[in-house]
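S.K.: Give me a model of this one.
(one chain, ligands or ions: 3)
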Amino acid sequence: RDVTRERAMTTPEIDSDVQVSSRDRLIFPEAKVTKGQLADYYEAVGAIMLPWVAHRPISLVRCPQGRAKKCFFQKHDSGSFGDHVKHVAIREKDGGEQDYLYVDDIDGLIACVQMGTIEFHGWGSRVDNVEKPDRLIFDLDPDEGLDFEDVKKAARDIRHTLEDIGLVSFAMLSGGKGVHVVVPLTPDAEWPQVKDFADRFSRALASTEPDRFTATMSKAKRKGRIFIDWLRNQRGATAVLPYVVRARENAPVAAPVSWAELNDVDRAAAFTIADVAQLLERAGSLELRGWGEARQTLPDF
Ligand code: ATP
Ligand code: MN
Ligand code: MN
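M.R.: Ligands and ions are numbered 1, 2, ... in the order given. Below is the predicted model of the structure:
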């Protein structure tokens, strides 16, 4: 009995009614990927992507003229995206409020693509509970020239150290250079506590193995090491979301992988937009069943 296939086939197809203009515009000149193809990709992965993207404040990397031209990171908008892209008012540090963007369906996703979006980045909390993160991320950023094998080993070490204190974690290829170790959380602790945990956990690891890791952002300290970027875990910070196409050469995709699969992958950009069928089939497979899901809260550390 082919459970993989059965599950893949039960993934509902969802279509968007949003019109995409300039479908022939080349967004990835080197990979010859057009705006229409980018929209088709997001429509195809909508069902497996939306559980991670929907109902979460997002920032967008927009490159209206393609990835080789000017791109910008956008957090706010006054309404040019239309009704499919929602707004949520969030308290600012200074006491004021700002509207952040979020989507809750395929039309929202495609409306963003219509506006030139390539990448979707999300907060670690959801719009109905912004102060309580539902995930923690250790974003592993290797120094230039480091081998991907070193990144994989770092991810596995973090996984096991987390396991020692009772936390389940998952791996995602960023589509760029590194791996994100994702720790799902039942929203309970607020941002300051989550950030403090991520900070102390990363510094503890870096002080045990100073030759391999640094928990400090400075480029100088990173020399030959992996920066454990725990700063993704502060209020307002974002991280790239699963199945997002990166605005980088050849349209790589941020891809969830199982820990077993990670052993066999040789780069963080192993999947590209051209692998859409494989990504869909994998998402329904036993290998990835339960990826990113765990009911757990931060232990004392
Ligand atoms: P890589 O594996 O190549 O590091 P990455 O997605 O982890 O890919 P980082 O440079 O480590 O890239 O960035 C981490 C996160 O910081 C991004 O995913 C994004 O959410 C956020 N970020 C990136 N650029 C900006 C920016 N200009 N302004 C605010 N946040 C940003
Ligand atoms: Mn990174
Ligand atoms: Mn980073």
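S.K.: Contact partners for the residue of the stretch 151-300 of the chain found nearest ligand 3?
M.R.: The minimum distance from the stretch 151-300 of the chain to ligand 3, using CB to the ion, falls at D229 (3.5 Å). Yep, even glycine has a C-beta here, placed from its N, CA and C like the rest. Residues in contact with D229 (CB atoms under 8 Å, 6 or more residues apart in numbering) are 138-141, 217.
S.K.: Could you rerun that using 7 Å?
M.R.: 139, 141 (CB atoms under 7 Å, 6 or more residues apart in numbering).
S.K.: Quickly list what it is bridged to.
M.R.: Beta bridges link D229 to D139, judged by DSSP bridges.
S.K.: tally of neighbours for F28?
M.R.: 25 (other CB atoms under 10 Å).
S.K.: cool, R232 as well?
M.R.: Close neighbours of R232, defined as other CB under 10 Å, add up to 20.
S.K.: For T214, list each beta-bridge partner.
M.R.: Assessed by DSSP bridges, T214 has beta-bridge partners F227.
S.K.: thinking it is in contact with G224, fair?
M.R.: No. When contacts are counted by CB atoms under 7 Å, T214 is not listed as touching G224 (9.8 Å).
S.K.: the strands in the stretch 51-200 of the chain, which residues?
M.R.: Using DSSP state E, counting those that start in this stretch, the strands found in the stretch 51-200 of the chain span residues 58-62, 72-74, 86-91, 97-102, 117-122, 135-142, 170-173, 179-184.
S.K.: Flag every residue of this structure that's near ligand 2.
M.R.: When proximity is defined as CB under 5 Å from the ion, the chain approaches ligand 2 at 139, 141, 178.
S.K.: Roughly how far does the first one sit from D188?
M.R.: It refers to D139. Distance from D139 to D188, counting by CB to CB, to the nearest Å: 22 Å.
S.K.: Looking at these two, which one has more neighbours?
M.R.: Shown here are D139 and D188; by other CB under 10 Å, D139 has more neighbours (21 against 14).
S.K.: need the contact list for the more buried one.
M.R.: Per CB under 7 Å, 6+ apart, neighbours of D139: 178, 180, 229, 232, 239.
S.K.: which one is the second one nearest to, not counting chain neighbours?
M.R.: Nearest in space to H180, with sequence neighbours left out and distances taken as CB to CB, 6 or more residues apart in numbering, is M172 at 4.5 Å.
S.K.: list the contacts for the one you found?
M.R.: Taking CB under 7 Å, 6+ apart, we find M172 in contact with 179-180, 182, 242, 254-257.
S.K.: quick revisit: can you add distance to A39 and pLDDT and give the residues of the chain next to ligand 2 back as JSON lines?
M.R.: Formatted as JSON lines, the residues of the chain next to ligand 2 follow (distance: CB to CB, whole Å; pLDDT from 0 to 100):
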{"residue": "D139", "distance to A39": "28", "pLDDT": "98"}
{"residue": "D141", "distance to A39": "30", "pLDDT": "97"}
{"residue": "G178", "distance to A39": "27", "pLDDT": "98"}
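S.K.: Pop out the phi and psi values for the closest residue to R222 other than its chain neighbours.
M.R.: Spatial nearest neighbour of R222, chain neighbours left out: D143 (4.6 Å); criterion: CB to CB, 6+ apart. The phi/psi pair for D143 (degrees, to the nearest 10) reads phi -60, psi 150.
S.K.: What about D143, how many residues nearby?
M.R.: Using other CB under 10 Å, D143 is surrounded by 16 other residues.
S.K.: Do I have it right that it meets R225?
M.R.: Yes. With contact defined as CB under 7 Å, D143 reaches R225; the gap is 5.7 Å.
S.K.: Tell me the residue of the stretch 151-300 of the chain that sits nearest ligand 2?
M.R.: When you check the stretch 151-300 of the chain against ligand 2 by CB to the ion, the closest residue turns out to be G178, at 4.2 Å.
S.K.: what about that residue, how many residues close to it?
M.R.: Other residues within reach of G178 by the criterion other CB under 10 Å amount to 23.
S.K.: Name all residues that make contact with the closest residue to it other than its chain neighbours.
M.R.: Once flanking residues are discounted, G178 sits nearest to L140: 4.5 Å by CB to CB, 6+ apart. Residues in contact with L140 (CB under 7 Å, 6+ apart) are 151, 154-155, 178-179, 181, 226, 228.
S.K.: Show the contacting residues for M115.
M.R.: 62, 81.
S.K.: For stretch 21-38, the averaged confidence score.
M.R.: Mean pLDDT, stretch 21-38: 97.
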